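Peer 1: Provided below are the primary sequence and the corresponding predicted coordinates.
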Amino acid sequence: MGKENSARRPAVDTVLDPFAGRGTALYSAAVMGRQGFGIEVNPVGWIYTRTKLSPASKNEVERRLIQIQRLAHRYSSVSAKLPAFFHHCFSSEVRRFLLCARAQLNWRQCNVDRTLMAFLLVHLHGKRSDSFSNQMRQTKAMAPNYAVKWWKARRLKPPKLQPVEFLKTKLRWRYARGIPKARPSKAYLGDSASVLASLKGKLSGRGLHRPSLLLTSPPYFGITNYHYDQWLRLWLLGGPPTDRRTLNPYNGKNRGRFANRETYQRLLTTVFQRASKLLKPDGVVYVRTDRREPTLAITKLALKAAFPRHRLQRMDRPIEGKTQTRLFGNGDPRTGDVDLVLASPYPSYLGQYKRRRNRRRPRSRPTPILSNRRRPEELAIRRGRSS
Ligand SMILES: C[S@@+](CC[C@H](N)C(=O)[O-])C[C@H]1O[C@@H](n2cnc3c(N)ncnc32)[C@H](O)[C@@H]1O
């Protein structure tokens, strides 16, 4: 979705992302004047997405931050009972503050609370000098026992910071350029298969238009279940204080889902089929996925089953930066992404255009639809080999 496309206003009004993650696709759509409509099963990704789409104001968030800080002293005894990991990871002041936020913030219902929670989640762990935690990666929480050993061996202590002052600096920086204008959009928290089924025939009642673009990146087979490595953030949202892979409301149906071929295939097939019922008949499907098998083969199968009349084109995307595949993968040097683009060979606007052309121009003229000036993106799709 480049700048030049937005200037030409192509016929994409609503963009559907059934695996919304942190909301990159939905946010891009919304700031470019389109409606974003997405679903995410992991509450961490959902909070980021909702906050990007409609953040509370800086003043509201600051006021709530101060309220939380005032109540934090009530959490001293709970703090003392936390497992050892938390004592090595956070200072006592930060622990009390986080416990208070965990108990008080109503992030599901209240926009101000959700925005503040998004800030807490972002800065919960990372570099010692720039987060609430002892030294850790920002993307992935370490396993608790491993982390404690690692900190002890290096004599690393949790940073002593004032939660309110620390977050005020982050808020100032984040809001410095104001809040970007975004078209009202929707992000649902839940399993895409169920949410899409519940929305069939009810889009307009929910203020949604039929999507003309399905733009997504589904989970990659066998890479991560998006919960284990986020266990600490999920704890802050009310989950258990452990990375154990037991079934609970915070890892839910996802547990092991992406390491079993059949369940993985069932998930993609169901989601794409249900999404196809909502998409406009000449809608375009753009899916970024893993180049490795079985992810690629399963994704193609699921897409072809859901969109039998669309033509499928594959584009390889060698990635230079850090990707989830590299972060969580097995070090396979061939890692990289692939874009699968599916478009109807006869989109409705071409049909209308052809009818008009036939009325006005002699048949022998070159077909203007195939001129590069007219629809380069359509040309690329039509010329691409069907795979
Ligand atoms: C590859 S990531 C998407 C990344 C996203 N494009 C972004 O920019 O952040 C796949 C996402 O699908 C989510 N997911 C997995 N199963 C799901 C389901 N059944 N329903 C909704 N979301 C699901 C995962 O939690 C994960 O965030």
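Peer 2: Done, it's in.
Peer 1: For the residue in the chain positioned nearest to the ligand, give me its contacts.
Peer 2: For the chain, the residue closest to the ligand is residue 21, as judged by CB to the nearest ligand atom, at 2.4 Å. To be clear about C-beta, it is placed using only N, CA and C from the backbone, and glycine gets the same treatment. Going by CB atoms under 8 Å, 6 or more residues apart in numbering, residue 21 touches 40, 45, 49, 217.
Peer 1: which of the residues you listed are buried?
Peer 2: Taking 16 or more other CB atoms under 10 Å as the criterion, what is buried in the contacts of residue 21 is 40, 45, 49, 217.
Peer 1: Just the residues you listed: which are in strands?
Peer 2: Taking DSSP state E, the ones among the buried ones among the contacts of residue 21 that sit in strands are residue 40.
Peer 1: got a markdown table for the buried ones among the contacts of residue 21, with pLDDT and distance to the ligand too?
Peer 2: As requested, the buried ones among the contacts of residue 21 are exported to a markdown table (pLDDT from 0 to 100; distance: CB to the nearest ligand atom, whole Å):
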| residue | pLDDT | distance to the ligand |
| --- | --- | --- |
| 40 | 96 | 5 |
| 45 | 96 | 4 |
| 49 | 98 | 8 |
| 217 | 97 | 4 |
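Peer 1: and the two most separated of the buried ones among the contacts of residue 21?
Peer 2: 49 and 217 (13.5 Å; CB to CB).
Peer 1: which SS class is the residue of the chain closest to the ligand?
Peer 2: Following DSSP: H, G, I helix; E, B strand; the rest coil, we place residue 21 in the coil state.
Peer 1: I'd like to know the predicted local confidence at it, please.
Peer 2: Here, the pLDDT recorded for residue 21 equals 96.
Peer 1: Backbone torsions only: list them for it.
Peer 2: Main-chain torsions, residue 21, degrees, to the nearest 10: phi 60, psi -130.
Peer 1: Which other helices and strands does the biggest helix by length in the chain contact?
Peer 2: When the chain is parsed with DSSP state H, its longest helix is helix 261-278. Helix 261-278 is packed against helix 192-199, helix 295-306, with contacts defined by 3 or more CB pairs under 8 Å, 6 or more residues apart in numbering; DSSP states H and E.
Peer 1: Out of those helices, which is closest to residue 137?
Peer 2: Residue 137 lies closest to helix 295-306 among the helices and strands packed on helix 261-278, at 24.0 Å (CB to CB).
Peer 1: what about residue 137, neighbour count?
Peer 2: Neighbour count of residue 137, defined by other CB atoms under 10 Å: 12.
Peer 1: Assign a three-state SS to it, would you?
Peer 2: Here residue 137 is coil, with the state taken from three-state DSSP.
Peer 1: How about the contacts made by it?
Peer 2: Counting by CB under 8 Å, 6+ apart, residue 137 touches 125-126.
Peer 1: thinking in terms of the whole chain, how far from its middle is the longest helix of the chain?
Peer 2: Counting by CA atoms, centre = their mean, to the nearest Å, helix 261-278 is centred 18 Å from the centre of its parent chain.
Peer 1: Show me what counts as buried in it.
Peer 2: Across helix 261-278, burial judged by 16+ other CB under 10 Å covers 264-265, 267-276, 278.
Peer 1: now do stretch 17-28
Peer 2: Within stretch 17-28, the residues that count as buried by 16+ other CB under 10 Å are 17-23, 25-28.
Peer 1: for stretch 196-207, same thing?
Peer 2: Residues 196, 199, 203 are the ones in stretch 196-207 that count as buried (16+ other CB under 10 Å).
Peer 1: mind putting those residues in CSV, pLDDT included?
Peer 2: Formatted as CSV, these follow (pLDDT from 0 to 100):
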residue, pLDDT
196, 97
199, 93
203, 93
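Peer 1: between those, which is closest to residue 231?
Peer 2: Looking across the buried residues of stretch 196-207 and measuring by CB to CB, the closest to residue 231 is residue 196, at 27.8 Å.
Peer 1: Please, where are all the helices along the stretch 1-150 of the chain?
Peer 2: Assignment of helices within the stretch 1-150 of the chain using DSSP state H, counting those that start in this stretch yields the ranges 3-8, 24-31, 43-53, 58-71, 76-80, 84-89, 92-104, 111-123, 144-153.
Peer 1: so which of the ones you listed gets nearest residue 317?
Peer 2: Nearest to residue 317, of the helices of the stretch 1-150 of the chain and by CB to CB, is helix 24-31 at 14.9 Å.
Peer 1: by contact count, what packs against the closest one?
Peer 2: strand 14-17, strand 35-40, helix 43-53, strand 213-216.
Peer 1: Restrict the longest one to CA atoms and write it as CSV.
Peer 2: Listed next in CSV are the C-alpha coordinates belonging to helix 43-53 (Å, rounded to 0.1, in the frame of the first residue of the first chain):
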residue,chain,number,x,y,z
PRO,A,43,-4.6,-10.3,23.8
VAL,A,44,-1.2,-8.7,23.6
GLY,A,45,-1.5,-8.2,19.8
TRP,A,46,-5.1,-7.1,20.1
ILE,A,47,-4.3,-4.4,22.7
TYR,A,48,-1.5,-3.0,20.4
THR,A,49,-3.9,-3.1,17.4
ARG,A,50,-6.8,-1.4,19.2
THR,A,51,-4.5,1.2,20.7
LYS,A,52,-2.9,2.0,17.3
LEU,A,53,-6.4,2.4,15.8
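Peer 1: picking that back up, quick check: the residue of the chain closest to the ligand vs residue 220, distance?
Peer 2: Computed as CB to CB, to the nearest Å, the residue 21 to residue 220 distance reads 12 Å.
Peer 1: so where is the stretch 101-250 of the chain shaky, pLDDT-wise?
Peer 2: 224-226, 245-250 (pLDDT under 70).
Peer 1: Next to the ligand in this structure, residues from it, please.
Peer 2: With CB under 6 Å from any ligand atom as the criterion, the stretch 101-250 of the chain comes near the ligand at residues 191-193, 217-219, 226.
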